[in-house]
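K.L.:
Provide a 3D model corresponding to the input given below.
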Amino acid sequence: MAKSNASKNGISRRQFLKTSVGVISAAGVGTLSTAGFAQSPPSSAARELIVAINADPDTLDTRTIVKTQAMAMHNHVCQALLMRDPKGQLHPWLAESWRKTAPTEIVFKLRSGIKFTNGEPLDADAVKFTYDNFLVKGMFPSVSRQKQDWIRALDRVEVVDKSTVRFVLKYPSNAFMIYVPFYSILPPGATKEMGDKFALAPVGTGPYKMGEYVPNSHLTLVANPDAWSGAPKTPRLTFRFIPEDATRMAALQSGEVCMVNNVTPDFATQLSRMSTLQVKEISAARSMYIYILCNKPPFNKREARLAVSHAINRQALVRDAMGGHAKIGGSPWSPAVRYYDPSLQPDSYDLPKAKQLLAAAGYDGSVIKFGFPTGMWLNDKIVAEFLLSSYKDLGLNVNAETLDFAAYYSNEQKHLYNLQMQSYGILPLHPDFWVGAILINTDNSLVMHDDQKIFNLIAEADKAPDERSIQKDYFELQREILDYAPVLNLYYFPYIVAQSTKLRGYEPRPDEHFFFWDATLAS
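P.N.:
A predicted model of the protein is given here:
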């Protein structure tokens with residue numbers, strides 16, 4: 001039985017964040033001591049960290065969160081049974097250990113003595129209550145359908161005793177465990193009592209607790225002195241929401257904030273020239289896509305989908321919109337994600353071929369609705385304009401719509417767009433996170449394709465008996481997605497951040513999550 005690499009003698013949060021080993025299996029067993037977690041900030045350190053993030057979280061409730069940035073902020077207050085490190089390996093968190101007791105059963109042992117900040121105990125009843133919100137129809141009507149889909153393999157959660165829970169799956173699943181870190185445990189009493197207000201002021205077990213959340217302005221967190229893992233190194237943490245790139249960069253240059261995310265390539269060049277700042281760039285587990293609604297003409301024809309792909313000059317797109325920082329490949333997921341096939345090549349730019357394919361598909365000039373949000377991803381407006389130009393060169397009659405992310409997300413769930421520009425971060429660095437959400441035809445699917453081979457390969461990879469078989473299935477799946485083209489991969493993102501040279505204890509991660517409980521700022 002495989003074991004977690006979490007040290008039995010204790011692992012600090014900083015060590016945890018820097019761990020760089022592979023994802024472990026659902027059979028993993030681990031224990032994690034809290035030794036070394038409680039550390040006082042240096043006397044010379046600032047008492048508050050202020051960072052600038054490009055998006056408001058909109059919600060801080062684990063049941064409704066979909067934004068990557070929101071998940072990262074939320075995790076400072078609320079915690080799940082497991083946590084993952086920068087390379088996707090799972091570690092015990094609120095659970096002190098777990099073990100696979102049968103092909104479809106996983107037993108979690110909870111840490112003893114943990115309480116939510118309102119005094120409720122962290123126990124097996126709280127774990128069952130949390131997951132029942134996703135599993136029991138109608139228990140929480142506003143629950144994220146996407147997060148319901150992620151745990152599609154889960155049948156039920158059973159209370160064994162006060163500190164033990166059993167997860168019973170519908171079928172053996174290789175991927176199920178990667179989703180556990182996304183479900184922070186809810187305090188049943190506070191959740192019921194607060195109702196909709198819980199999304200604005202959640203109660204958790206983390207190193208910080210809620211201070212003040214002002215939508216479209218900021219989120220301030222204050223240290224939780226009773227945190228089981230010890231108090232954070234900096235007593236106060238404020239996230240300022242600044243969607244405009246220039247304004248966010250100016251706040252860093254002036255010293256108003258000590259870190260900014262989502263730095264564009266042109267600003268990265270400017271900021272790197274300042275001696276008081278440091279720019280860090282890594283390969284992200286995120287790609288930019290075109291999602292194609294495959295159940296409506298003309299894109300119910302494979303030729304029409306391939307026409308769009310061949311009409312896009314990916315090299316020019318990366319050069320013009322991303323300053324050459326992004327990478328191009330044939331796989332639908334980035335090299336940062338497991339089971340990436342480096343041998344695959346993207347479709348070539350060939351406009352005459354694209355027009356021939358579109359004609360073969362019988363396109364009649366009908367309106368094609370193209371949707372995209374702005375302010376979410378690096379230079380997304382420039383990318384959308386490039387795509388619009390490409391569609392027009394192909395001969396598509398395009399009606400474009402751009403909205404803020406909340407409104408856009410609502411529309412895409414209703415399948416209002418024939419084509420949409422969308423980015424997806426494969427946060428646990430495992431492809432099931434993306435294929436399970438996008439390519440399985442649930443209500444949440446954004447492409448609604450009918451390729452049975454894709455469905456079969458997703459299922460086979462999840463149930464494959466060994467690592468070699470899993471890789472074989474995922475390699476074949478990548479080739480089938482490229483050939484059938486329900487989704488077009490445009491490029492793989494970099495993740496670029498900039499920070500003060502005085503900031504210590506923070507490093508960017510491929511999943512784009514940012515954790516500051518171990519961070520300090522020299523005064």
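
K.L.:
can you name the next helix or strand after the helix or strand bottoming out on mean pLDDT in the chain?
P.N.:
Every helix and strand of the chain was ranked by mean pLDDT, DSSP states H and E. The lowest is helix 13-18, at a mean of 42. As assigned by DSSP states H and E, the chain's next helix or strand after helix 13-18 is strand 48-53.

K.L.:
helix or strand next in line after that following strand, which one?
P.N.:
Scanning onward from strand 48-53 (DSSP H and E), the first element met is helix 68-74.

K.L.:
output that next one as PDB - backbone C-alpha positions only.
P.N.:
Extracted C-alpha coordinates of helix 68-74, given in PDB (Å, rounded to 0.1, in the frame of the first residue of the first chain):
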ATOM      1  CA  THR A  68      -9.300  29.700  -9.200                       C
ATOM      2  CA  GLN A  69      -8.600  32.900  -7.300                       C
ATOM      3  CA  ALA A  70     -11.600  32.400  -5.100                       C
ATOM      4  CA  MET A  71     -10.500  28.900  -4.100                       C
ATOM      5  CA  ALA A  72      -7.100  30.200  -3.100                       C
ATOM      6  CA  MET A  73      -8.500  33.000  -0.900                       C
ATOM      7  CA  HIS A  74     -11.100  30.700   0.600                       C
END
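
K.L.:
list the contacts of residue 155.
P.N.:
For residue 155, the contacting residues are 104, 135, 168, 169, 170, by Cβ atoms under 8 Å, 6 or more residues apart in numbering. No exception for glycine: its C-beta is placed from N, CA and C like everyone else's.

K.L.:
which two in these are spaced the farthest apart?
P.N.:
Spatially, the most separated pair among the contacts of residue 155 is 104 and 135, at 15.1 Å (Cβ to Cβ).

K.L.:
doesn't residue 460 make contact with residue 174?
P.N.:
No - between residue 174 and residue 460 there is no contact under Cβ atoms under 8 Å: 10.3 Å.

K.L.:
quick one, which of these two is more surrounded?
P.N.:
Neighbours were tallied for residue 174 and for residue 460 using other Cβ atoms under 10 Å; the higher tally belongs to residue 174 (21 against 16).

K.L.:
the nearest residue to that one once chain neighbours are set aside: neighbour count?
P.N.:
The shortest distance from residue 174 to any non-neighbouring residue, by Cβ to Cβ, 6 or more residues apart in numbering, is to residue 462 (5.4 Å). Per other Cβ under 10 Å, the neighbour tally for residue 462 reads 20.

K.L.:
could you do residue 125 as well?
P.N.:
Residues lying near residue 125 (other Cβ under 10 Å) number 14.

K.L.:
and it, backbone torsions?
P.N.:
phi -60, psi -40 (degrees, to the nearest 10).

K.L.:
touching, it and residue 158? I think so.
P.N.:
No - the criterion here is Cβ under 8 Å, and residue 125 misses it with residue 158 at 11.3 Å.

K.L.:
filter the contacts of residue 155 down to the buried ones.
P.N.:
104, 135, 169 (16 or more other Cβ atoms under 10 Å).

K.L.:
just the ones in helices from those residues, please.
P.N.:
Among those, the ones falling in helices (DSSP state H) are residue 135.

K.L.:
with distance to residue 410 and pLDDT added, can I get the buried ones among the contacts of residue 155 in TSV?
P.N.:
Listed next are those as TSV, based on distance: Cβ to Cβ, whole Å; pLDDT from 0 to 100:
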residue	distance to residue 410	pLDDT
104	35	98
135	24	98
169	31	98
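
K.L.:
from the buried ones among the contacts of residue 155, pick the one nearest residue 230.
P.N.:
Closest to residue 230, out of all of those and judged by Cβ to Cβ, is residue 135, at 33.1 Å.

K.L.:
residues in contact with the closest one?
P.N.:
Residue 135 is in contact with 151, 154, 155, 156, 157, counting by Cβ under 8 Å, 6+ apart.

K.L.:
widest-spaced pair of those residues?
P.N.:
Greatest spatial distance among those (Cβ to Cβ): 151 and 156, at 11.0 Å.

K.L.:
higher neighbour count, those two?
P.N.:
Neighbours per residue (other Cβ under 10 Å) separate residue 151 from residue 156, with residue 151 holding more: 20 against 14.

K.L.:
okay, and for the chain, where does confidence drop off?
P.N.:
1-45, 441-444 (pLDDT under 70).

K.L.:
mind doing that once more with 90?
P.N.:
For the chain, the stretches with pLDDT under 90 are 1-46, 66, 145-146, 149, 373-377, 403-414, 436-437, 440-446, 523.

K.L.:
so where's the longest helix in it?
P.N.:
helix 467-484.

K.L.:
would you mind pulling up the elements that the helix or strand that it is followed by packs against?
P.N.:
Following helix 467-484 in sequence order, the next helix or strand is strand 487-500 (DSSP H and E). Judged by 3 or more Cβ pairs under 8 Å, 6 or more residues apart in numbering; DSSP states H and E, strand 487-500 is in contact with helix 245-253, strand 259-260, helix 265-271, strand 277-292, helix 302-310, helix 314-322.

K.L.:
all set now, cheers.
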